[in-house]
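J.: This is a predicted model, with the sequence first.
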Amino acid sequence: MRLLKLVPEDTNIKFLKWRVPFYVVSILLIIASWGLVLTQGLNFGVDFAGGQEVRVTFEDRETAPIPELRQQLGELGFGEPAIQRFGDANSVSIRIQLPEGTEDEPGAANAIGEQVIGQIQEDYENVRRDANETVSGKVAGEFRERSVWALLGAMLAISLYIWVRFEWQFGVGALFALFHDVSLTLGMFALFQMEFSLQIIAAILAIIGYSLNDTIVVYDRIRENLKKYRKMPLPELLDLSVNETLARTVMTSLTLLVALLPLVLFGPASLFGLVVAITVGIFIGTYSSVYMAAPILIWLGVTSDSFVPQETVADKQEQKMRGET
Amino acid sequence: MLDFPLWKRITLWVITLGFAFAALPSIASLAGIEHDSFEGPEINLGLDLAGGSHILLEADPAQVAEQRLESAEESVQDILSRAEPRIDIGEVSTLDGQLSFMLENPSDIDRAREELRDLLNGTGLIAEWRLDVVDGNRMVLTQTEQGLDEAVEGAMESATEVVRRRIDSLGTREPTIIRQGDSRIVVQVPGLEDPQALKDLLGQTAELEFKLVDNNALPSDIAQGVANPGSEIVPYSEDSDFAGQFEAVRRLGGIRGDRLTGAQQGVNPQTNETVVNIQFDPQGGARFAQLSTENVGRRFAIILDDEVISAPNFNEPILGGAAQISGGFTTETANNLAIQLRSGALPVDLTVIEERTVGPDLGRDSIVKGGLAMAAGSFLVILLMMASYGRFGIYATCALILNVLMVLGVMALINSTLTLPGIAGFVLTVGAAVDANVLINERIREERKRGRRVVAAVENGYKEASRAIYDANITNFIAGALLLGFGSGPVRGFAVVLIIGLITTVFTAVFLTRMWVAGWLRAKRPTELNV
């Protein structure tokens, strides 16, 4: 039986040849992402903005009366509600942010929720309440704070571990690659104004985990090759390492994609944001391990000496005693 | 590396199958199969999958401080007026969270200090109040921080108990009620049809008071919200017959509704009005009898959570310890109030600061769709693995299936909860497990290409790939642990699956497949490797 080989044997793609333009583009993308996050802002869901999200299904209708709802709920005076289809055509999600100045009132979000649900039940019959999320301003603030800590903490702790296991240059490289991934993911959320919720934090951490997995595989091969080919120029050695692990990179990314694709296409609507974020993140993460994490080692001055232990006098004596020299 | 003595093989199989079998009860119950052989600990389904309500309640510690101030005021007046001889004091002020009053006779200062000692020290080991004397004759009582902390702690503890009793009275299945932090209570009720009823029940403090109406108050003063000294103005509740109006009542000298032994919803046969019948305990009954005897013909206000619900006359002394309260109740509100009075008043107001409710239909939909999508994804992954690595792909697939079973098994054994993000965690676990096998198999390919013989290639493949696998999984583990520590709610469900999955992945993808490959190499001694 002939086995499937996605990547031909002995590839020798000069990845690193284009490292400067790629780096420039990536850094511009990072800057653009943060620019978008700062100017456009993230479209915070109720988890982070506080407020009310209701999901309802109009059981005796083909499609949900979205324009009518927008008008009826807009008249409640909580500002423009964000209403969109959710899953089936007759299901909607209605999101209402906390009005300005009520962030500190613990009961405000709950009061809004009761009014919104009351209004819908008054105007329509056969409405099924699928889900209801109410988050007060205070709790939303705590979620924001804890999420930032979780992301920063994970990135730092991971980089520290890589520093200990490899060398400091690798730790910095991994940190930079992770920063790149998180920035671009946030930028994407700001650009498309996709809802940013607690689930997306889980997605970003999954992306961090995946991207790191990739980075470590490439780094591990670089470390191995540094010991093996002590005279090879670094750019060439990096290219070799990336090429040697290319089959694995492609295969793993592909398997994850085929595992995720059904979830994107037919999975539950409530998981959509999360799986889309992870799917896109896989591309960003794979790219960053090749183009962000590897070339930075050149500029940070990794040499083959980094991994060859300096022989101490004690070592030499030990070798002599064993009769190895 | 490829040497697997019998004891090692047995150990690996026992661990694998042990955990994998632990998954069976959960799988059986998800599939709806009921059989005695599938008994055992099961994975809990999170509320986002099973349907149900998660409600986070918060109390305001400032309210506890205020209540303590009020009750201290009453105690101070009571204690000093009972002293022998009586200690006269001027008007008590409760400004800025402090209690201060002037002694009519400055020479009473030491006696007053002595009399108040029990109040100041409280029952515990810590001082509850600090006493300062200003200008020789003004006493100022300030709450100590420890005293307040202890009071908040006590209030939260009994509030949790009250919440539990109220929910139990709804007869719901397996509610979870846990205190969180200093001033919060988490309530989780699975499979609830109407969360609004639950919130109504929990949201009301149900503090019932009986206070005498201040007959000297002028209607014009009441309308302007001006009360006589010793009185206060209380609004009528929205549901009562006098909504929008106010009543002036005496602040002190009333009875609190915490001395009840029973409360039921009922109907007054004469007026056909919905009422709540209450029974006092012996002490409360005696106080009520005394109050009603002393004030026959006068009006008293029935106050629920600082709103008057009605203000009837004491027509005659009420001696039996039972009373009836009315005031615009519907059957439902009367029933709710009865439950609330029976389970006791909340010592503090609780506000709903977070609620997540998922209807049972949406939850079921998520399980079905999530499960099908995962099955489809796994099928594609298996196909890809077999097409790429042949025999080694089959080993990887078997390891993958056992891996998923083991994760489920461990989750069942530690009684953890599977949430919707947890399903995404499974996808990543599958990804990590596949990656480990891809790393190993690609490495074996490479080693073969370099001309190593079969056994050496396999041995080296495992050895060289393991390093990266360990590093990658340990770093991911760090990320998962931080997520578990800092993350909240649904995110933690993701972290749990991720962490368990990482451990089982290393186990199945590295150890288990190596054992199988070693067995095959030993049995067949192949000279060619189709990888």
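T.: It's in. Residues are numbered from 1 along each chain as shown, chains lettered A, B, ... in the order given.
J.: which residues of the stretch 101-250 of chain A score low on pLDDT?
T.: Low-confidence regions of the stretch 101-250 of chain A, defined here as pLDDT under 70, do not occur.
J.: Break down it into its strands, ranges please.
T.: For the stretch 101-250 of chain A, strands defined by DSSP state E, counting those that start in this stretch occupy the ranges A:127-135, A:195-196.
J.: of the ones you listed, which approaches residue B:307 most closely?
T.: For residue B:307, the closest of those is strand A:127-135, at 24.4 Å, according to CB to CB. (Each C-beta comes from the backbone N, C-alpha and C, glycine too.)
J.: Parallel or antiparallel, which strands does the closest one pair with?
T.: Note on strand A:127-135: by DSSP bridges, its sheet partners are strand A:51-58 (antiparallel), strand B:350-358 (antiparallel).
J.: returning to that earlier point: okay, the strands of the stretch 101-250 of chain A in a markdown table with mean neighbour count and distance to residue B:244 next?
T.: Shown next, in a markdown table, are those (neighbours: other CB atoms under 10 Å in any protein chain shown; distance: least, CB to CB, whole Å):
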| stretch | mean neighbour count | distance to residue B:244 |
| --- | --- | --- |
| strand A:127-135 | 23 | 29 |
| strand A:195-196 | 23 | 42 |
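J.: okay, these in TSV with distance to residue A:208 next?
T.: Output for the strands of the stretch 101-250 of chain A, formatted as TSV (distance: least, CB to CB, whole Å):
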stretch	distance to residue A:208
strand A:127-135	25
strand A:195-196	16
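J.: and of the ones you listed, who's closest to residue B:357?
T.: Comparing the strands of the stretch 101-250 of chain A by their distance to residue B:357 (CB to CB), the top pick is strand A:127-135, with 4.3 Å.
J.: Any idea which residue of the stretch 51-200 of chain B lies closest to chain A?
T.: residue B:58 (5.8 Å; CB to the nearest CB).
J.: show me what contacts the one residue sitting closest to the centre of chain A?
T.: Most central in chain A under CA atoms, centre = their mean is residue A:204, positioned 2.9 Å from the mean C-alpha point. By CB atoms under 8 Å, 6 or more residues apart in numbering or on different chains, residue A:204 lies in contact with A:151, A:182, A:185, A:186, A:277, A:281.
J.: Closest one of the residues you listed to residue B:499?
T.: For those, the nearest to residue B:499 is residue A:151 (17.3 Å; CB to CB).
J.: what about the closest one, how many neighbours?
T.: Other residues near residue A:151 come to 21 when the count uses other CB atoms under 10 Å in any protein chain shown.
J.: again, but for residue B:269
T.: 7.
J.: What of residue B:272?
T.: 7.
J.: re the thing from before, list the contacts for the residue of the stretch 51-200 of chain B closest to chain A?
T.: The contact partners of residue B:58, taken as CB under 8 Å, 6+ apart, are A:106, A:138, B:183, B:184, B:185, B:350, B:351, B:353.
J.: Kindly recompute the last result at 10 Å.
T.: Residues near residue B:58 by CB atoms under 10 Å, 6 or more residues apart in numbering or on different chains: A:106-107, A:136, A:138-139, B:180-185, B:348-354.
J.: Residue B:134 now?
T.: B:100, B:102, B:140.
J.: quick revisit: export the strands paired with strand A:127-135 to TSV and tack on distance to residue B:26, mean neighbour count and mean pLDDT?
T.: Formatted as TSV, the strands paired with strand A:127-135 follow (distance: least, CB to CB, whole Å; neighbours: other CB atoms under 10 Å in any protein chain shown; pLDDT from 0 to 100):
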stretch	distance to residue B:26	mean neighbour count	mean pLDDT
strand A:51-58	27	25	88
strand B:350-358	20	25	88
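J.: can you list those in JSON lines and add distance to residue B:259?
T.: Converted to JSON lines, the strands paired with strand A:127-135 look like this (distance: least, CB to CB, whole Å):
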{"stretch": "strand A:51-58", "distance to residue B:259": "39"}
{"stretch": "strand B:350-358", "distance to residue B:259": "22"}
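J.: Looking at the ones you listed, which is nearest to residue B:136?
T.: strand B:350-358 (43.9 Å).
J.: Can you name the next helix or strand after that closest one?
T.: Using DSSP states H and E, the next helix or strand after strand B:350-358 towards the C-terminus is helix B:360-413.
J.: Averaged pLDDT, that next one. What do you get?
T.: Throughout helix B:360-413, pLDDT has a mean value of 88.
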